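Colleague: Next comes the sequence, and after it the predicted model I'd like to discuss.
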Amino acid sequence: MRLAELFDLKRFAYSAVFDGAEWPWEALKVLESWLEENITPRIPPNLPEGVHLYGEKIHIAPGCILEPPLTIISPALIGPGVELRMGAYLRGAVLVGEGTIIGHDTEIKNSILMNKVEVPHFNYIGDSIMGNHSHTGAGVILSNFKISPGKAVRVKLDDEVVNTGLEKLGAILGDGAQIGCNSVTNPGTIIGKNSIIYALCNISGYIPPNTVVKNKPTYHQTILHKE
């Protein structure tokens, strides 16, 4: 799964973070150091009370909407026109592209969100990459840590299993991928461009582009009262 199969990097102003990467998750290995080297600190004038900033390497571009209370921990690069809603928690090493929405009680850590991404309600985005125009519904969790610690996350790509060398790796969503409410992706999940995951799904492995994944529960009908 190469970068071009997942993302249109020409649309992403900070695509240099992927320079030299063979696999997309390799950008996460260098993300923190790349941000430390490339961020020119910028804090908007008249910062609203209740916006808590920790550390020096924080850049908030013009046109951002900041709804307090929220917290940003260095290093963090927030692109133009990003909307950070009440309760957003950016827990360090976060790179956010233009026009993205990070919503109420959403936590993001060591992750890249490209342009026009939407993580609007009660989401956890850990050690993950979300492509342009990708979306997570309310309560979606991109789980990043295996139950058995000490082992690197392996990514399954068709018949190939690739050792990422990372003990923590969440999900990688291609451009236009969408995940429905209260779904969970297991560590190392890759979702191809424009694929749709329905609500209440437990996802792992590789989902090809333009795929629809549904979780259809079995219902048992019981007649409580007979007339």
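Modeller: Here it is on my side, so go on.
Colleague: Just the buried positions in the least confident helix or strand in the chain by mean pLDDT, please.
Modeller: Each helix and strand of the chain was given a mean pLDDT (mean pLDDT, DSSP states H and E); the minimum falls on strand 154-157 at a mean of 86. Buried residues in strand 154-157, defined by neighbour count with 16 or more other Cβ atoms under 10 Å: residue 155. Any C-beta I mention is one placed from the backbone N, CA and C, and that applies to glycine too.
Colleague: what is the rounded mean pLDDT of the helix ranked longest in the chain?
Modeller: Longest helix in the chain, counting residues (DSSP state H): helix 26-38. For helix 26-38, mean pLDDT rounds to 98.
Colleague: Past that helix, which element shows up next along the chain?
Modeller: The helix or strand immediately downstream of helix 26-38 is strand 51-54, counting by DSSP states H and E.
Colleague: Name every strand pairing with that next one and say which way it goes.
Modeller: strand 70-73 (parallel) (DSSP bridges).
Colleague: May I have the strands that pair with the helix or strand following the strand it pairs with, each with its orientation?
Modeller: Heading C-terminal from strand 70-73, the first helix or strand you meet, by DSSP H and E, is strand 76-78. Sheet pairing of strand 76-78 (DSSP bridges) gives strand 58-60 (parallel), strand 94-96 (parallel).
Colleague: any idea how far the helix or strand following strand 76-78 is from the chain center?
Modeller: Note on strand 76-78: by DSSP H and E, the next helix or strand toward the C-terminus is strand 83-84. Relative to its parent chain, strand 83-84 has a centroid offset of 15 Å by Cα atoms, centre = their mean, to the nearest Å.
Colleague: Note down every partner strand of the helix or strand just after strand 83-84 and its orientation.
Modeller: As assigned by DSSP H and E, the chain's next helix or strand after strand 83-84 is strand 89-91. Its sheet considered, strand 89-91 pairs with strand 70-73 (parallel), strand 107-109 (parallel) by DSSP bridges.
Colleague: Mean confidence (pLDDT) on stretch 111-126, please.
Modeller: Averaging pLDDT along stretch 111-126 gives 98.
Colleague: go on, stretch 90-107?
Modeller: 98.
Colleague: ok so, going back, and the strands paired with strand 76-78, which is most packed in?
Modeller: strand 94-96 (a mean of 27; mean count of other Cβ atoms under 10 Å).
Colleague: contacting residues around that strand?
Modeller: The contact list for strand 94-96, computed with Cβ atoms under 8 Å, 6 or more residues apart in numbering, reads 14, 17, 31, 35, 72, 75-79, 82, 90, 102, 108-113, 117.
Colleague: chain center to that strand: distance?
Modeller: Centroid separation between strand 94-96 and its chain, computed with Cα atoms, centre = their mean, is 9 Å.
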